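Visitor: prediction below, plus the sequence it came from.
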Amino acid sequence: MHLLSASCVRALLITALLRQASGLEMVSGQYGQTLEIPCKSTGVKEEDIRITKWKYVKEDGLSGDLLVKRRDQNVSVSATDDYKDRVSMSANFSLLLSSAKLSDQRTFTCMQADGSDIQEFSTSVVVYKAPMEVSITDKAEELEIGKPTKLGTCVAAAANPAANITWLRNNKPLVDGGKGIAIGVSVQKDPTTGLLTTSSTLQYSATKEDTDAEFSCSTQHAVAEEMVSPVVTFTITYSTENIALQVIAQDPLEEGDNVTLKCVADGNPAPTSFNFYLKGELVMVENGDSYTMVDVSRDATGEYKCSLIDNPTMEAFAEVVVKYLDINLSLAGSVIKRAGESLDLMLQINASQATKVSWTKDNLKLNKEPKFTKLVFSDTGRYECDVSMGLLSRKASFELVVEGAPVIRQLSKKRSDDGQHKVLICEAEGSPKPSVFWSINGTSLDESPFVNGKITHKIKVVPTANLSVSCTVTNDLGMDSQVINVSSLFEDVRVDKQDQLEDSDQTKMVVGVVVGLLVATVVIGLAYWVYMKKAKQGSWKTGEKEDGSSEEEKKLEEKVEENSQKAEV
């Protein structure tokens with residue numbers, strides 16, 4: 001963005017108007033550099049030129065000579081003022097003016113003459129100068145919110161024409177007359193060089209959003225690129241508007257922990273002293289914003305407050321909650337009881353909020369709280385309760401040992417898979433762990449792990465005769481014994497074969513009896529039918545009643561029924 005100042009625009013307009021009015025050519029150059037002003041006379045051939053002369057218009061309007069060149073002669077400098085050491089002529093008759101100054105902004109005229117005519121060609125000179133580096137001076141020490149304050153002055157020095165200045169906030173232009181913005185501009189001319197210095201002053205009303213904001217200014221000039229000053233920031237001051245009380249503690253906060261109360265205010269500069277109200281007690285903290293309560297108890301639960309010392313009406317509140325969880329288990333350590341007895345178990349909980357309870361036995365989770373109305377050996381184990389309240393938890397445990405004299409629950413036998421041995425099995429309960437003794441020697445002794453008061457003991461034997469074998473279990477509290485009959489392996493083989501023969505003979509005999517009975521029944525039935533037929537014929541012939549033979553028929557029926565029952569047996 002290149003904007004021309006009012007003075008620059010005015011100068012260019014005047015130069016353009018003069019040029020149009022007088023028909024003058026215009027040449028521009030940079031300050032301090034060498035200007036080349038051409039001699040553009042027309043109608044004169046170079047070989048015919050006898051003399052070339054340069055002159056200029058002085059401040060008083062009179063003409064002044066600079067230099068002259070005659071044909072076949074060197075250039076002769078005729079100037080006696082500042083131009084004496086700064087002018088020279090090029091081979092094409094142009095005027096070379098070194099170390100251009102603002103005072104060189106005038107009209108220069110070239111005169112050329114041949115044998116018969118003299119021509120003049122005038123040129124107007126304009127000298128431009130880019131400003132030096134731009135910077136912010138007279139910076140404010142701080143800005144107060146809502147109070148118009150001179151933020152600083154932006155200076156663009158030694159330029160021609162004068163430079164324009166734009167104020168920036170976070171690289172965005174500020175406009176004069178905007179909210180809280182007033183910009184004043186002045187231009188000063190150096191009495192020696194004639195160069196122009198532009199100064200721009202920013203009056204600014206800050207807000208909270210200006211904290212850490214970056215302010216700068218930039219220049220715009222006709223013959224130079226935009227330059228930007230180094231950024232500056234300001235401390236924004238304002239009174240406290242908001243205050244908060246923070247509770248800093250580990251979560252969950254429980255008895256014995258430390259709690260820090262921190263009062264936070266948004267003023268700038270921030271307040272450094274506060275009042276803390278600790279359940280009716282006032283504590284003043286200077287040069288700090290925190291107060292720590294050490295080793296708090298559940299009684300520390302409640303509302304707390306802090307305020308500004310110099311303005312007690314600015315206050316903030318916060319709630320402190322000290323969580324607690326107390327449990328009391330009626331059993332602890334090692335508990336030894338006898339089998340069959342009862343055991344009372346009670347868990348008391350005192351907590352600041354709802355809790356959850358879980359139980360484990362030997363690290364395995366239980367579905368509910370254990371009850372011991374009649375203790376058994378399997379109740380032996382380590383019991384632990386876990387009471388939780390959010391992230392807070394408490395544990396308690398006890399070791400239960402159920403003791404009792406051993407009891408044999410089962411004494412059994414079986415033949416081994418290969419049929420070469422008998423396996424005797426003795427299953428018993430008791431605590432402490434019972435010892436197992438057999439009345440017979442065996443091989444491949446096998447004892448199961450002692451779990452929940454149970455143990456199983458096995459031996460392999462090869463009996464050559466029928467035996468009565470006893471299993472005896474014993475511990476410090478008593479003993480138990482049972483006997484089992486064990487037949488020899490040879491007897492088992494003989495009995496098995498005999499059983500197979502007896503089963504075959506009995507099957508044949510049963511079949512024969514059943515067939516004989518069936519034949520007898522058929523014969524008796526046939527005889528009875530013949531008898532009845534003859535009896536009826538006789539009565540018809542003699543005229544006797546049918547009732548006369550009823551007793552004989554009854555006896556015959558009883559005989560048939562008796563035979564039928566024998567057949568069924």
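Guide: It's in.

Visitor: ok, then the element right after whichever strand or helix holds residue 154?
Guide: Using DSSP states H and E, residue 154 sits in strand 149-159. Next along the chain after strand 149-159, taking DSSP H and E as the criterion, comes strand 164-169.

Visitor: counting by contacts, list what that next one packs against.
Guide: Applying 3 or more C-beta pairs under 8 Å, 6 or more residues apart in numbering; DSSP states H and E, we find strand 164-169 packed against strand 149-159, strand 196-204, strand 215-221. To be clear about C-beta, it is placed using only N, CA and C from the backbone, and glycine gets the same treatment.

Visitor: any idea of the mean pLDDT in it?
Guide: Per-residue pLDDT over strand 164-169 has a mean of 96.

Visitor: adjacent strands (with direction) for it?
Guide: According to DSSP bridges, strand 164-169 forms sheet pairs with strand 172-173 (antiparallel), strand 215-221 (antiparallel).

Visitor: just want the most central residue of this structure.
Guide: residue 251 (17.6 Å; C-alpha atoms, centre = their mean).

Visitor: just give me the neighbour total for the residue nearest to it when sequence neighbours are not counted.
Guide: Nearest non-adjacent residue to residue 251, counting by C-beta to C-beta, 6 or more residues apart in numbering: residue 391, 6.6 Å away. Per other C-beta atoms under 10 Å, the neighbour tally for residue 391 reads 10.

Visitor: same thing with the one 4 residues further on?
Guide: In terms of burial, residue 395 registers 13 neighbours under the definition other C-beta under 10 Å.

Visitor: got it, and residue 304?
Guide: 20.

Visitor: so what strands line up beside the one helix or strand it maps to?
Guide: Secondary structure from DSSP H and E places residue 304 in strand 302-308. Partners of strand 302-308 in the sheet, by DSSP bridges, are strand 274-278 (antiparallel), strand 315-320 (antiparallel).

Visitor: residue ranges with poor pLDDT in this protein?
Guide: For the chain, the stretches flagged by pLDDT under 70 are 1-23, 43, 444, 490-569.

Visitor: ranges for the helices of it?
Guide: Taking DSSP state H as the test, the helices found in the chain are 6-22, 489-542, 550-568.

Visitor: what residues are up against residue 102?
Guide: Neighbouring residues of residue 102 by C-beta atoms under 8 Å, 6 or more residues apart in numbering: 31, 127, 129, 160, 193-195.

Visitor: can you name the residues in contact with stretch 87-94?
Guide: So stretch 87-94 is contacted by 36-39, 49, 52, 54, 66-67, 69, 75, 77, 79, 95-98, 110, 112 (C-beta under 8 Å, 6+ apart).

Visitor: return the set of buried residues in it.
Guide: 87, 89, 93-94 (16 or more other C-beta atoms under 10 Å).

Visitor: save the contacts of residue 102 as JSON lines, and put in distance to residue 452 too.
Guide: Shown next, in JSON lines, are the contacts of residue 102 (distance: C-beta to C-beta, whole Å):
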{"residue": "31", "distance to residue 452": "109"}
{"residue": "127", "distance to residue 452": "113"}
{"residue": "129", "distance to residue 452": "107"}
{"residue": "160", "distance to residue 452": "109"}
{"residue": "193", "distance to residue 452": "111"}
{"residue": "194", "distance to residue 452": "114"}
{"residue": "195", "distance to residue 452": "108"}
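
Visitor: just the closest of the residues you listed to residue 465, please.
Guide: residue 129 (138.8 Å; C-beta to C-beta).

Visitor: and the gap between the closest one and residue 153?
Guide: Using C-beta to C-beta, to the nearest Å, residue 129 is found at 21 Å from residue 153.

Visitor: compare these two (neighbour count), which wins?
Guide: Neighbours per residue (other C-beta under 10 Å) separate residue 129 from residue 153, with residue 129 holding more: 23 against 18.

Visitor: quick one, what contacts the closest residue to the more buried one other than its chain neighbours?
Guide: Leaving aside its chain neighbours, residue 129 sits nearest to residue 31 (3.6 Å; criterion: C-beta to C-beta, 6+ apart). Counting by C-beta under 8 Å, 6+ apart, residue 31 makes contact with 100-102, 127-129, 160, 195.

Visitor: and if we set it to 7 Å?
Guide: For residue 31, the contact set (C-beta atoms under 7 Å, 6 or more residues apart in numbering) comprises 100, 127-129, 160.

Visitor: among those, which ones are in strands?
Guide: Among these, DSSP state E puts 127-128 in strands.

Visitor: top of the contacts of residue 31 by neighbour count?
Guide: Counting by other C-beta under 10 Å, top hit in the contacts of residue 31: residue 160 with 28 neighbours.

Visitor: and that one, what is it in contact with?
Guide: 31, 102, 127-129, 195-196.

Visitor: ok, now with 10 Å
Guide: Contact analysis of residue 160 by C-beta atoms under 10 Å, 6 or more residues apart in numbering lists 7-8, 11, 30-31, 101-102, 105, 126-131, 189-190, 193-196, 221-223.

Visitor: narrow these to those that are buried.
Guide: 8, 11, 31, 101-102, 105, 126-131, 194-196, 221-222.

Visitor: for the buried residues of stretch 87-94, which two are the farthest from each other?
Guide: 87 and 93 (12.9 Å).

Visitor: mind listing what the closest residue to residue 300 other than its chain neighbours touches?
Guide: Leaving aside its sequence neighbours, residue 300 sits nearest to residue 322 (C-beta to C-beta, 6+ apart; 5.1 Å). Shown in contact with residue 322 (C-beta under 10 Å, 6+ apart): 249, 252-257, 259, 293, 296-302, 352.

Visitor: mind doing that once more with 8 Å?
Guide: Per C-beta under 8 Å, 6+ apart, neighbours of residue 322: 253-255, 257, 259, 296-301, 352.
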